[in-house]
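*Asks:* Task: produce atomic coordinates for the following.
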Amino acid sequence: MLLIGGVVIAAAVVAAIVDFVRAYPWVPAILVLLAGGVATAWLTRRKRAAQWERARTQGLRYALGQLDALHHRQFEYAVRDLMRRDGCADAIQVGGAGDNGADVKATDPFGRRWVIQCKHRRAGLSGAAVGTPDLHVLNGTGRPVHKGDVVVLVTNGRFSQRAVEFARSQRLHLVDRAVLGEWASGSRPLWELLRAVPPPRRPTPLS
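*Replies:* This next block holds a predicted model:
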C-alpha cells in the first residue's frame, strides 16, 4: 500500500509540474539561464583563481631576510611554494607531529619524488649548525618510508662539517643558506643547483 501511495503521489507531482510548465513555459527557460549563468560565473572565478595562483607561484621570490623572519612552519610552506613555482604542481607541506622526518614532498616535472626536511634558524647563519642527528632521521625515512628519489635537508642557516660528510656518504642533498638564497631569488630550480641529482624518470624533449 505504501508503494502504491508513493507512486500515486509521484504521478500527481509530475502531473502538476507538467501543468505548470504548460501554463508558464518561460519559467524553465529562465531557470536554465540562471543555472547556466551561475555555472559560468563559478567556472570563471575558478579559472581566474588558478591563473592568479600560477602567476603568484611563478613570480615567487624570497629574500633571505624574509625567510629568517618566518615561523618554522611558515618556512615549510615557503619551501613548498618554491617547489610549486618551479613546476612541482603536487608539492605539499606535511610537517608536524608524526611526519617521519619529512616536511615537504613533491614530484618534479621529470618524475622524481622529492622528500624535504626543513630546519629554520631565526638567527640565520649565526644560529646553531644543523648536525647529523637530523640527517639520521631523514636518512632513515626519506627513501624507505617516503619513497624519495631526492632526499633533501633545507636550512636558512648552516651545516656542521660532520653533517656535510654524512650527507655525502648517504647521498643526501643539503641546501644551506647560500644555496637557499640563490634558489629563493628565482635564479634556477633547485634540481639545477644541486649536484648528483638522480636522472629524470620521465623522457624530456632533450633526452
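*Asks:* where along this structure do the strands fall?
*Replies:* Using DSSP state E, the strands found in the chain span residues 92-93, 104-107, 113-119, 150-155, 173-175.
*Asks:* chain center to stretch 174-186: distance?
*Replies:* Centre-to-centre, stretch 174-186 and its host chain are 19 Å apart (CA atoms, centre = their mean, to the nearest Å).
*Asks:* for stretch 121-130, same thing?
*Replies:* With CA atoms, centre = their mean as the basis, the distance from the averaged C-alpha position of stretch 121-130 to the chain average is 26 Å.
*Asks:* what's next to it, contact-wise?
*Replies:* Identification of contacts with stretch 121-130 by CB atoms under 8 Å, 6 or more residues apart in numbering yields 64, 68, 119, 153, 155, 156, 157, 158, 159, 160, 163, 177. The C-beta positions use only the backbone N, C-alpha and C, and glycine is treated the same way.
*Asks:* try 10 Å
*Replies:* Among residues not part of stretch 121-130, those counted as contacts by CB atoms under 10 Å, 6 or more residues apart in numbering are 64-65, 67-72, 75, 117, 119-120, 153-164, 167, 174, 176-178.
*Asks:* CA-only coordinates of it in PDB, if you can.
*Replies:* Output of stretch 121-130 as PDB, limited to C-alpha atoms (Å, rounded to 0.1, in the frame of the first residue of the first chain):
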ATOM      1  CA  ARG A 121      67.100  29.200  12.200                       C
ATOM      2  CA  ARG A 122      65.700  32.500  13.300                       C
ATOM      3  CA  ALA A 123      69.300  33.800  13.700                       C
ATOM      4  CA  GLY A 124      70.200  32.600  10.200                       C
ATOM      5  CA  LEU A 125      73.800  31.900   9.700                       C
ATOM      6  CA  SER A 126      74.500  32.800  13.300                       C
ATOM      7  CA  GLY A 127      72.200  30.100  14.600                       C
ATOM      8  CA  ALA A 128      73.200  26.600  15.600                       C
ATOM      9  CA  ALA A 129      74.600  24.500  12.800                       C
ATOM     10  CA  VAL A 130      72.300  21.600  11.700                       C
END
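*Asks:* Only the buried residues of it, if you could.
*Replies:* Residues of stretch 121-130 classed as buried under the neighbour-count rule (16 or more other CB atoms under 10 Å) are 121, 124, 127, 129, 130.
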